[in-house]
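> Predicted model follows, preceded by the sequence.
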Amino acid sequence: MLVDTHCHLDYFNQPGECEQVVARAVQAGVGEMVTIGVTFEQSKQAIDIAENFDNVWACVGVHPNHAADVLPVVAPEALSELAQHPKVIGIGESGLDYFYDKAPKDIQTENFRANIRAAQLANVPLCIHARDADDDIARILREERERGGEFGFLLHCFSSSRALAEAALEMGGYISFSGMLTFPKAPDIREIARDVPEDRLLVETDSPYLAPVPFRGKRNEPAYTAYTAARLAEIKGMTPEALADLTTRNFKTLFRKAA
């Protein structure tokens, strides 16, 4: 069975819709899912959703595009407290986004550091959003490890540079690939995926966004993890079954609370 390590189930909010989405995922071979928080309040919704399903987990955090929505930024202790819930297995998604630039860079940085500290306090991994901010993300990760100790993390929906991938791997991080891996104009991502060690690979949808081929342009959902995983298996020279077993083991290793 596969694990969709990053989805936003709160978007499937019509009556009975979330239940149908989860059921379709299981039918497609996706046995577990992680629904992700992007604001403090929405993180509470992620927990509520996870409580309704045995096979759904939650991450709680503040996305960089929401870093300035409520100031001062959410304190690490508040996020760490949310992470004590048994269904919460990580902090995030957090990070830096200089492409959309919806929050000032200094506020994004403060928020990112607060989420990192929350992961350290709660002893859970961090889910990182990285867009057009590779150098700063690598630098901050190194600084916070030196300041407060090591912590697990993954680069979600990887679309960054080889340099950031190598920096993350050097620090013990994992790399998660989304439907972007299947896009015709994404050869660089496929080349990086080819070179990522097998014990650091994860897969995801980031649904409802970034549906893989052959569903590109349509609403994504966790069931489609299977298409990204099949492409990744092809890149790695593995069978889909072996890739599913591998990425599930990696998920359980990183997200210890889900093991």
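Cool, got the structure.

> Tell me how far residue 37 lies from residue 83.
Distance of residue 37 to residue 83, computed by C-beta to C-beta, to the nearest Å: 10 Å. (C-beta placed from N, C-alpha, C; glycine too.)

> any residues in contact with both of the two?
Shared contacts of residue 37 and residue 83 (C-beta atoms under 8 Å, 6 or more residues apart in numbering): residue 60.

> Those two: which is more packed in?
The neighbour comparison of residue 37 against residue 83 (other C-beta atoms under 10 Å) goes to residue 37, with 30 against 24.

> List the contacts of that one.
Taking C-beta under 8 Å, 6+ apart as the test, what residue 37 contacts is 43-46, 58-62, 92-93.

> Are any of the residues you listed buried, and if so which?
43, 45-46, 58-62, 92-93 (16 or more other C-beta atoms under 10 Å).

> Go through those and flag which are in helices.
Counting by DSSP state H, these place 43, 45-46 in helices.

> out of those residues, which one sits closest to residue 250?
Nearest to residue 250, judged by C-beta to C-beta, of these is residue 46 at 21.8 Å.

> does that closest one really touch residue 61, like I thought?
No: counting by C-beta atoms under 8 Å, residue 46 stays clear of residue 61, with 9.4 Å between them.

> Identify the contacts common to those two.
36-37.

> tell me which element residue 202 falls in.
Per DSSP states H and E, residue 202 falls inside strand 201-203.

> Next, the buried residues of that strand.
Neighbour-count burial for strand 201-203 [16+ other C-beta under 10 Å]: 201-203.

> Name the surrounding residues that touch that strand.
2-5, 154, 174-178, 193, 225, 228-229, 232, 236, 246-247, 250-251, 254.

> Just to be sure, which of these are found in strands?
Counting by DSSP state E, the part of these found in strands is 2-5, 154, 174-177.
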